[in-house]
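[1] Using only what follows, build the 3D model:
(one chain, ligands or ions: 2)
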Amino acid sequence: MEEKLRYSCDSASPASEGYGSRMLVASNDTVLDWRDYFDHHTLPLSRRNPSSWPDSPADYRKVVAEYSDHMKALARELLGLVSESLGLTCQCIENAVGEFYQNITISYYPLCPQPELTLGLQSHSDMGAITLLIQDDVGGLEVFNNGEWVTVNPMSNAICVILADQTEIITNGEYRSAQHRAVTNAGRARLSVATFHDPAKTRQISPAFHPPKYRPVIYGDYVSSWYTEGPEGKRNLDALLI
Ligand SMILES: O=C(O)CCC(=O)C(=O)O
Ligand SMILES: [Fe+2]
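    Residues are numbered from 1 along each chain as shown. Ligands and ions are numbered 1, 2, ... in the order given. Below is the predicted model of the structure:
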């Protein structure tokens, strides 16, 4: 516990770097997610300060930095494929997003004696452009599809691609952001690592097609409402529908 508190994040400011346990909880809400997390600010390089990350094991900081660079390259490639699949130029979505603000969140879900009473992480869609997630073999990630929750079975050596809200806006709804959640279990604790790629807070995001189905939004405003209102599925994105 002492070690965790040494790295504790500022719980008053959203998505601050470090160790915490309340990220998706609206300020007026008393329901806590059954989760601890460690958030790393990894890109752009001006935000990357490995000395604020854990220093053990010895190569931890180096591995996180390398992982960040590889995930950025993969995110660019995937957004390029999404763009091309819609007849857009390869760079189109990446240009709309602008420089990636990348955060890496390691989530730890302790085993839960009564898993039916809580969630590891409540239903939400990710706010940014694209999330790349790896999970251990315990399982607990679920996506909402055709009115039901479907388990994303853990696969070794697989990276789970979660398209996020700004990609839904830019593609004018051709690609939908995934509504997902994490459930807990009474048997084993679980670990996942999510790498988020977001626009700058000052960036205006709007659809690349006409007629637009979503109102343009300044990304920072989107993030603020997401944190003050709470995610509740995709309601923040739905609020932008025209
Ligand atoms: O732990 C998981 O599988 C999901 C994590 C997640 O959705 C998030 O951090 O946004
Ligand atoms: Fe998520």
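[2] doesn't residue 39 fall inside a strand?
    Yes - counting by DSSP: H, G, I helix; E, B strand; the rest coil, residue 39 is part of a strand.
[3] which non-adjacent residue is nearest it?
    Closest residue in space to residue 39, ignoring its immediate chain neighbours: residue 105 at 4.9 Å, by Cβ to Cβ, 6 or more residues apart in numbering. For glycine as for every other residue, the C-beta is placed from the backbone atoms N, C-alpha and C.
[4] would you say residue 93 is within a helix?
    Yes - counting by three-state DSSP, residue 93 falls inside a helix.
[5] thought it was touching residue 79?
    Yes - using Cβ atoms under 8 Å, residue 93 is in contact with residue 79, at 4.4 Å.
[6] Now for those two: what residues contact both?
    129, 167 (Cβ atoms under 8 Å, 6 or more residues apart in numbering).
[7] Return the set of buried residues in the helix ranked longest in the chain.
    Looking across the chain with DSSP state H, the single longest helix is helix 60-85. Neighbour-count burial for helix 60-85 flags 61, 64-65, 67-68, 71-72, 74-76, 78-80, 82-83 (criterion: 16 or more other Cβ atoms under 10 Å).
[8] So what's the residue count around residue 103?
    Neighbours of residue 103 under the rule other Cβ atoms under 10 Å: 21.
[9] Low-confidence stretches in the chain?
    Applying pLDDT under 70 to the chain flags residues 1, 11-12, 14-15, 22-32.
[10] and it, which residues reach ligand 1?
    105, 107, 121, 126, 133, 135, 141, 180, 182, 192, 194 (Cβ under 6 Å from any ligand atom).
[11] Go through these and name the one nearest residue 220.
    Nearest to residue 220 among the residues of the chain next to ligand 1 is residue 126, at 16.0 Å by Cβ to Cβ.
[12] neighbours of the closest one, just the number please.
    24.
[13] what's the nearest residue to it if we skip its chain neighbours?
    residue 164 (3.8 Å).
[14] what about stretch 94-112, distance to the chain center?
    With Cα atoms, centre = their mean, to the nearest Å as the basis, stretch 94-112 stands 4 Å off its chain's centre.
[15] ok, the residue nearest to residue 39 touching residue 42?
    No - the criterion here is Cβ under 8 Å, and residue 105 misses it with residue 42 at 10.4 Å.
[16] Show me which of these two is the more surrounded one.
    Taking neighbours as other Cβ under 10 Å, residue 105 and residue 42 compare with residue 42 leading, 26 against 19.
[17] Could you tell me how far the more buried one is located from residue 217?
    Distance, residue 42 to residue 217, by Cβ to Cβ, to the nearest Å: 24 Å.
[18] quick revisit: return the backbone torsion pair for the residue nearest to residue 39.
    phi -110, psi 120 (degrees, to the nearest 10).
[19] Appreciated, that's everything.
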